[in-house]
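A.B. asks: Structure for the following, please:
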Amino acid sequence: MNIPTELYYSKEHTWLKIESDIGIIGITDFAQSELGEIVYVDLPNNGYTFKQHEVFGSVEALKTVSDLFMPISGKVIETNKALLKDPTLVNNEPFTNGWMMKIEIESKEELSNLLPAAEYQKTIGV
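C.D. replies: As a prediction, this is how the structure comes out:
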């Protein structure tokens with residue numbers, strides 16, 4: 001199970017990478033493995049603003065649909081268009097080419113509500 005140490009994690013299995021005031025968001029390796037093959041990803045349009053823990057989209061796998069929850073508050077500035085053509089990028093490369101969206105971070109103080117890699121690893125029991 002891949003759990004990169006430089007990322008922040010939510011209890012809802014999303015990850016957050018910080019690059020200056022930009023946040024890159026995706027779902028974890030654990031989440032994609034639990035869901036199975038991803039066949040569709042529903043993401044918001046640019047300009048939408050979400051609060052921490054709000055639903056921002058969903059992923060559809062062969063047998064289930066799962067909501068996606070914001071790890072941190074922010075405004076959507078880019079979504080990964082490659083996922084429209086190949087949603088299995090979320091399965092195959094969840095921390096690289098399978099990223100979901102980029103946001104302008106509203107408040108870095110909310111990072112304290114997220115988990116570092118070691119704590120996330122304990123949460124999922126691996």
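
A.B. asks: Now V65. Nearest residue, chain neighbours left out?
C.D. replies: S58 (5.6 Å; CB to CB, 6 or more residues apart in numbering). Just so you know, the C-beta spots here come from the backbone N, C-alpha and C atoms, and that holds for glycine as well.

A.B. asks: Surely that neighbour forms part of a strand?
C.D. replies: Yes: S58: assigned to a strand according to DSSP: H, G, I helix; E, B strand; the rest coil.

A.B. asks: Could you tell me how many residues sit around it?
C.D. replies: 13 (other CB atoms under 10 Å).

A.B. asks: That one against L68, yeah?
C.D. replies: Yes: between S58 and L68 a contact is recorded at 5.9 Å, counting by CB atoms under 8 Å.

A.B. asks: before we move on, back to that, residues in contact with the residue nearest to V65?
C.D. replies: 41-42, 65-68 (CB atoms under 8 Å, 6 or more residues apart in numbering).

A.B. asks: go on, V76?
C.D. replies: Here V76 is in contact with 44-50, 56, 101-103 (CB under 8 Å, 6+ apart).

A.B. asks: Can you tell me the element it falls in?
C.D. replies: strand 74-79 (DSSP states H and E).

A.B. asks: Quick one: buried ones out of the contacts of S58?
C.D. replies: Buried residues within the contacts of S58, counting neighbours by 16 or more other CB atoms under 10 Å: 41, 66, 68.
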